[in-house]
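Participant: Pasting the sequence and the predicted model now:
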Amino acid sequence: MGKTRLISICALLALLSACATPIPIDNLSYKGVSTVKTDKTARIVVTSNGAGSSRSTYLMPVAGTYIAMDVKGKEPFGAKDQQEFSQSLRKELVRLGVVKSTTVDENATADMAATINIDRVHLNGDYQEYKVDITMILNGGSSSFQKQYHITSTEKDSLWEKLNTNGAEAREKLAHLMLERLIPDLEAYALAMARQ
């Protein structure tokens, strides 16, 4: 009976690790230092092709043993999360001085246009790990810039941190890593435009 109780408790704890109060990601701060200051304006649009998946496993008791069951869930890092991230990115670019102002209006005129497409998102619910593929296209300078990024929310975590992260924390870690990857390329492009 003791082994069954231990397995049940472990399964319950694994399921509870996914339950958490959402942490807003619309007011994140970039942890790096910006040396680029421009008076340019930017139009920043975050889009998604809607390809996302979520997977987790749990143990189901069957005839005195446990069988691992695979569960597919809702789309991870959906439209609401993407818009919150877009708000953080725009706020940070203005706060750092990389651009003077930003807009999301696709019809507005701006010196620089950044289209950030979230190509694919996968959430592994076993230990709350997001994997995201992003394509960023920058226009407005003498030439356009395009780069693809593959970001994993647990890439800086130890095994203990991976196992001790809930869904809301994993989402926040992903958004911070996205800022860390995108802002340096946005800075470099804005600097190249300022020198023209």
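Facilitator: Arrived safely, thanks for sending.
Participant: any low-confidence regions in the protein?
Facilitator: Confidence mapping of the chain against pLDDT under 70 gives the ranges 1, 6, 8-22, 50-61, 66-75.
Participant: just checking, what's the longest helix in it?
Facilitator: Assignment by DSSP state H gives helix 167-194 as the longest helix of the chain.
Participant: Would you mind pulling up the elements that that helix packs against?
Facilitator: With contacts taken as 3 or more CB pairs under 8 Å, 6 or more residues apart in numbering; DSSP states H and E, helix 167-194 sits against helix 79-96, strand 112-124, strand 129-139, strand 145-152. Just so you know, the C-beta spots here come from the backbone N, C-alpha and C atoms, and that holds for glycine as well.
Participant: can you put these in a markdown table and add distance to Met193 and mean neighbour count?
Facilitator: Formatted as a markdown table, the helices and strands packed on helix 167-194 follow (distance: least, CB to CB, whole Å; neighbours: other CB atoms under 10 Å):
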| stretch | distance to Met193 | mean neighbour count |
| --- | --- | --- |
| helix 79-96 | 13 | 19 |
| strand 112-124 | 6 | 20 |
| strand 129-139 | 9 | 19 |
| strand 145-152 | 10 | 14 |
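Participant: With distance to Gly2 as extra columns, can I get the ones you listed in TSV?
Facilitator: Shown next, in TSV, are the helices and strands packed on helix 167-194 (distance: least, CB to CB, whole Å):
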stretch	distance to Gly2
helix 79-96	42
strand 112-124	30
strand 129-139	31
strand 145-152	37
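Participant: between the ones you listed, which gets nearest to Leu174?
Facilitator: Smallest distance to Leu174 across these (CB to CB): 4.3 Å, for strand 129-139.
Participant: Would you mind getting the angle between the closest one and strand 112-124?
Facilitator: Interaxial angle of strand 129-139 relative to strand 112-124 (axes from the mean of the first three to the mean of the last three CA atoms, to 10 degrees): 170 degrees.
Participant: Show me the strands paired with strand 129-139, marking each as parallel or antiparallel.
Facilitator: strand 112-124 (antiparallel), strand 145-152 (antiparallel) (DSSP bridges).
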